[in-house]
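Participant: based on what follows, work out the 3D shape:
(2 chains)
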Amino acid sequence: MLTFKLLREDPEYVIRKLAVKNFDAKEIVEKIVLLDKGRRTLQTELDGCLAQQKQKAAEIGALMKKGLREEAEKIKAEVASLKEKSKEIEAKSDENNTELNSLMVLLPNIPCDLVPEGKGAEDNVVVKMGNEIPDLGPDALPHWELAKKFDIIDFDLGVKLTGAGFPVYKGKGARLQRALINMFLDINTAAGYLEVEPPVMVNEASGFGTGQLPDKEGQMYHANLDNYYLVPTAEVPVTNIYRDVILGCNDFPVKMTAYTPCFRREAGSYGKDVRGLNRLHQFDKVEIVRIEKPENSYAALDEMIAHVESIVNRLGLPYRILRLCGGDMSFTSAITYDFEVYSAAQGRWLEISSVSNFESYQANRLKLRYKDENGKIQLAHTLNGSSLALPRVVAALLENNQKDGKIIIPEALRPYTGFDCIG
RNA sequence: GGAGAGAUGGCAGAGUGGUCGAAUGCGGCGGUCUUGAAAACCGUUGAUCUUCACGGGUCCGGGGGUUCGAAUCCCUCUCUCUCCGCCA
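Facilitator: Sure, this is the predicted structure:
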């Protein structure tokens, strides 16, 4: 939890831990420590100055009531100089704190002790694998060809309507989307998550609260005229429900789930990574969000991982769970587990879920707190996970389940699709 | 989009320049009474920064201003409500 307190008490620890994320924090942390000291000194100075002014103003009031105008005038003169002084201090203090805050938001969250060191995706650790990878034979088609063959997803039409990365789902393809969304929401609500339907545009404060701003500014679509952002994930609006909230100690756990379309600019992506459904600008996702007491957040994380795993199992997709290394983790996360499913025709693993504990990093920005048993106010912990992101689930489903010129729908999904095969 | 009204503590709602961080009611918490509960009565009940502590500062939608002194006056932004227009 990156607070001023931690930074001034153990700056070396912060620097060491952020190095795990390949973030060189030395310079920033040293500056912050200095600025924090300045902040407190100036604050004390200002407080003293204001206290004097306040006291003298009260004296003037008393004198005026007694009709002692001249006495009052004398004190007024004294106050004038104090006022000038406090203005000076205030200006210094503002300057100091502005710089301090702008540096603070540049620091990513501290990774927890379980996070392995590493630079990128190749250093992630596989912690579990499940379900058999099917042997499709040499005639297997990648999902974008299957989509075309059965006319269920039209990428070119999306280009016409909007641009690349905005596919149009048609017929059984559209129905499949709706089926998956409903199935995921049903499973989540059955597990005690409250379903919410949030706005898909958020304001700046929300973007800042969960850490997308300022870090990921360029990754979000921005409606300039109103200064709203299209959500890159339901995490943003749903977690922000609890911005500026102080929970009671019996309000836990808070469990929410939401479906939203997600919008990502994905600037800089190219090649086979963006082929077909692999990476889109608009996609559907069902998200789970939890708010927990600090002592429970890691148990909650395990529960969420098991929950997501159970959904993947119902779909029968071959999967693996990765513990992300420091270099591959997001700015705000303390630990992240990724779920990947194997897309058999492409012969590659596709990320379909990311489950993270943010500890108090988001809560600190959100001012999301709770009163503990002693009535003391503490930062809560926030967590979230995809359960699940649709496009790559669909990609894997189409590819892995192609058989005899058809796509077989998994049993668990059939009540939602209303059909058991495509083609 | 046009016209008007408003934004105060968990909620409701007083407060138009000087012990106002803020009356009162409700709610919450503690107690008395009761076998227990309810009712009644009594007490208590915001956040934040700083300090080892005592204490001090800040906060009445956000920002700025006037004044010795602002919840109260002025400017500005945002939001909410009512009426009209438009409309899924």
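
Participant: count the residues that sit near the residue in the stretch 151-300 of chain A positioned nearest to RNA strand B.
Facilitator: Nearest to RNA strand B in the stretch 151-300 of chain A, going by Cβ to the nearest atom of the strand, is residue A:246, at a distance of 6.4 Å. C-betas here are computed from N, CA, C, even on glycine. The tally of other residues near residue A:246 (other Cβ atoms under 10 Å) stands at 14.

Participant: in the sheet, who's paired with it?
Facilitator: Beta bridges link residue A:246 to residue A:369, judged by DSSP bridges.

Participant: and it, what pLDDT?
Facilitator: pLDDT, residue A:246: 89.

Participant: I figured it hits residue A:375, correct?
Facilitator: No - with contact defined as Cβ atoms under 8 Å, residue A:246 does not reach residue A:375; the gap is 11.2 Å.

Participant: ok, residues contacting the strand or helix carrying residue A:255?
Facilitator: Element membership for residue A:255, per DSSP states H and E: strand A:254-263. Residues from elsewhere that reach strand A:254-263 (Cβ atoms under 8 Å, 6 or more residues apart in numbering): A:181, A:184-185, A:188-189, A:191-198, A:200, A:220-221, A:230-234, A:237-238, A:241-242, A:247, A:281-292, A:387, A:389.

Participant: off-centre distance for it?
Facilitator: 11 Å (Cα atoms, centre = their mean, to the nearest Å).

Participant: list the buried residues for that strand?
Facilitator: A:254, A:255, A:256, A:257, A:258, A:259, A:260, A:262, A:263 (16 or more other Cβ atoms under 10 Å).

Participant: so the third one bridges to which residues?
Facilitator: Just to be clear, that refers to residue A:256. residue A:194, residue A:289.

Participant: tell me how far it lies from residue A:134.
Facilitator: 35 Å (Cβ to Cβ, to the nearest Å).

Participant: cool, and the first one?
Facilitator: The gap separating residue A:254 from residue A:134 is 39 Å, by Cβ to Cβ.

Participant: now do residue A:372
Facilitator: For residue A:372, the distance to residue A:134 - Cβ to Cβ - is 51 Å.

Participant: can you check residue A:330 too?
Facilitator: Residue A:330 is 32 Å from residue A:134, by Cβ to Cβ.

Participant: would you map the helices across the stretch 201-350 of chain A?
Facilitator: Ranges of helices in the stretch 201-350 of chain A, per DSSP state H, counting those that start in this stretch, are A:204-209, A:235-240, A:297-315.
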